[in-house]
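A.B. asks: Provide a 3D model corresponding to the input given below.
(one chain, ligands or ions: 1)
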Amino acid sequence: MIFLDNAATSFPKPESVYKFMDAFFRRSGVNPGRSGYDMCMEAGELLDNTRKLLCSFFNGRDPNRLCFGYNSTDALNLIVFGLLGRGDHAVTTNLEHNSVLRPLYHQEKYGGVEVDRVPFDRSGFVDPGDIARRFKKNTRLVVVNHGSNVIGTVQPVREIGRLCRERGVLLAVDASQTAGKLPIDVRADNIDVLAFTGHKSLLGPTGIGGLYVGQGVSIRHTRAGGTGVRSAEHLHLEEYPYRLEYGTPNIMGVAGLSAGVKWIQDKGMDSIEAQEMGLTAELRDGLREIEGVVLYCQDDLKNHLSVLTFNILGMEAGDTGTMLDVDHNIACRTGLHCAPLVHEQLGTDKIKGSVRFGIGPFNTREDIRAAVAAVADVAETARKRRASSRAGS
Ligand SMILES: Cc1ncc(COP(=O)(O)O)c(C=O)c1O
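C.D. replies: Numbering: from 1, shown residues only. Down below sits the predicted model:
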């Protein structure tokens, strides 16, 4: 199997991730920080150390403001429901994943929040000025997808954040696709809240993610429960990280995530990125040469992730994906990729979305050559089908 679905989740994980999770679970896989015995202390230390690791990875100021949850969907729900209330206005983009779109639709329908959605340009980028032009007196929050999981474009969050700061508007960034791939500096990039997921480019397992909350940002409680400390208090604790953490944490996920981040740091994020983008350019160039292949927003790979999306004329994306899987043993993702507005804007919603290749750190040039050859083969089948249907009509 050639795995080109790394934008959905990275696979495989580095060997050190599997090994550390296994060793840690056997040795200290208990409820962290709730008691004083050694195993519990070790689990608590892992939690604290991983908070520090990720806080510094994103150049945050205070590790206690790095809160763990299940994934970025979880984090974005805490953000959208905990920052916006009746009478507020929010601005977002057409590039968003449903983990942003749906909480905002819910807030619009049930929460008395007004939302503006900004389109992207022909190359797949949002103009920061377009966001700022939507600001009103009651604008409280801007939510932006840092890197598109469909077309791979990376948005200028630093400039968007600068404009937000000028107007006292909070900026939340969905870093699901970029955390672990691109340097993120919450302070220099003017990010108030950052949502991340552990299982994509941070190379951890599924079910772990979280958010970093900048100084001075207060996210209202939208849940309550156990924290393991100050149990007699009736209300959920105010201070971070407890404020946004509820119940027993996914300590195994934290173990895997810490090993994933360390692997990235050992290899160097720049060199991983350079290797992936080299393969992406090769894939893009190969696909461009194939008659009948339509690529979306891939002309310039500057400010771009190793994510490519395309269609083959006359083929539904799902059928292309099935042929790539069954006939060529290639795993990819097809459909709307949980980002329906991207497809609405591209017009690909009418043809059931697109095919996506996501390149990860373990892909090779052989994988890319095989993928190009496989797409050429599917495109040839599609051409023959088109020709025979023309002859039949
Ligand atoms: C841009 C973006 N945002 C959010 C998510 C949601 O991530 P998770 O399912 O880990 O919460 C994804 C995952 O595909 C994504 O690509």
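
A.B. asks: Pull out the buried residues from the helix or strand containing residue 194.
C.D. replies: Using DSSP states H and E, residue 194 sits within strand 193-197. Neighbour counts over strand 193-197 (16 or more other C-beta atoms under 10 Å) mark 193-197 as buried. Where you see a C-beta, it was placed from the backbone N, CA and C, and this is true even at glycine.

A.B. asks: And the next helix or strand past that strand?
C.D. replies: With DSSP H and E, the next secondary element past strand 193-197 is strand 209-213.

A.B. asks: Apart from its neighbours in sequence, what residue is nearest the residue of the stretch 251-393 of the chain found nearest the ligand?
C.D. replies: Nearest to the ligand in the stretch 251-393 of the chain, going by C-beta to the nearest ligand atom, is residue 338, at a distance of 6.0 Å. Distance criterion C-beta to C-beta, 6 or more residues apart in numbering; nearest residue to residue 338, sequence neighbours excluded, is residue 98 at 4.4 Å.

A.B. asks: what do you get for residue 153?
C.D. replies: That would be residue 124: by C-beta to C-beta, 6+ apart, it lies 3.6 Å from residue 153.

A.B. asks: Count residues in the vicinity of the one you found, would you?
C.D. replies: 25 (other C-beta atoms under 10 Å).

A.B. asks: before we move on, what about residue 55?
C.D. replies: 18.

A.B. asks: Same check on the one 5 residues further on?
C.D. replies: A count of nearby residues for residue 60, using other C-beta under 10 Å, gives 24.

A.B. asks: check contacts around residue 117.
C.D. replies: 91-94, 96, 341 (C-beta atoms under 8 Å, 6 or more residues apart in numbering).

A.B. asks: and if we set it to 10 Å?
C.D. replies: Counting by C-beta atoms under 10 Å, 6 or more residues apart in numbering, residue 117 makes contact with 90-96, 101, 104, 134, 341, 345.

A.B. asks: isn't there a strand covering it?
C.D. replies: Yes. Using DSSP: H, G, I helix; E, B strand; the rest coil, the assignment for residue 117 is a strand.

A.B. asks: any idea how this protein splits into domains?
C.D. replies: The chain breaks down by automatic domain parsing into domains covering 2-9+267-392, 15-266.

A.B. asks: For the ligand, tell me whether stretch 164-176 is touching it.
C.D. replies: Yes. Stretch 164-176 comes into contact with the ligand (C-beta under 6 Å from any ligand atom), by way of 174, 176.

A.B. asks: picking that back up, scan the contacts of residue 117 and report the most crowded one.
C.D. replies: These, ranked by neighbours (other C-beta under 10 Å): first place residue 95, 29 neighbours.

A.B. asks: hang on, isn't that residue packed against residue 131?
C.D. replies: No. Here residue 95 lies out of contact with residue 131, judged by C-beta atoms under 10 Å, at a distance of 11.7 Å.

A.B. asks: Any chance you could list residues touching both of those two?
C.D. replies: Looking at what touches both residue 95 and residue 131 (by C-beta under 10 Å, 6+ apart), the common residues are 118, 144, 155.

A.B. asks: you'd agree the last one is up against residue 146?
C.D. replies: In this case it means residue 155. Yes. With contacts counted by C-beta under 10 Å, residue 155 reaches residue 146, the gap being 6.0 Å.

A.B. asks: what sits in contact with each of those two?
C.D. replies: In contact with both residue 155 and residue 146: 95, 173-174, 178, using C-beta under 10 Å, 6+ apart.

A.B. asks: Reformat the residues you listed into TSV and put pLDDT and secondary structure next to each item.
C.D. replies: Listed next are those as TSV, based on pLDDT from 0 to 100; DSSP: H, G, I helix; E, B strand; the rest coil:
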residue	pLDDT	secondary structure
95	98	coil
173	98	strand
174	98	strand
178	98	coil
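
A.B. asks: Most neighbours of all those, which one?
C.D. replies: Ranked by neighbours (other C-beta under 10 Å), the shared contacts of residue 155 and residue 146 are led by residue 174, which has 32 neighbours.

A.B. asks: give me every residue that touches the residue lying closest to it once chain neighbours are set aside.
C.D. replies: Of all residues not flanking residue 174 in the chain, residue 145 sits nearest, at 4.7 Å (C-beta to C-beta, 6+ apart). Residues in contact with residue 145, defined by C-beta under 10 Å, 6+ apart, are 92-97, 99-101, 120, 126, 153-155, 157, 173-178, 195, 339, 342.
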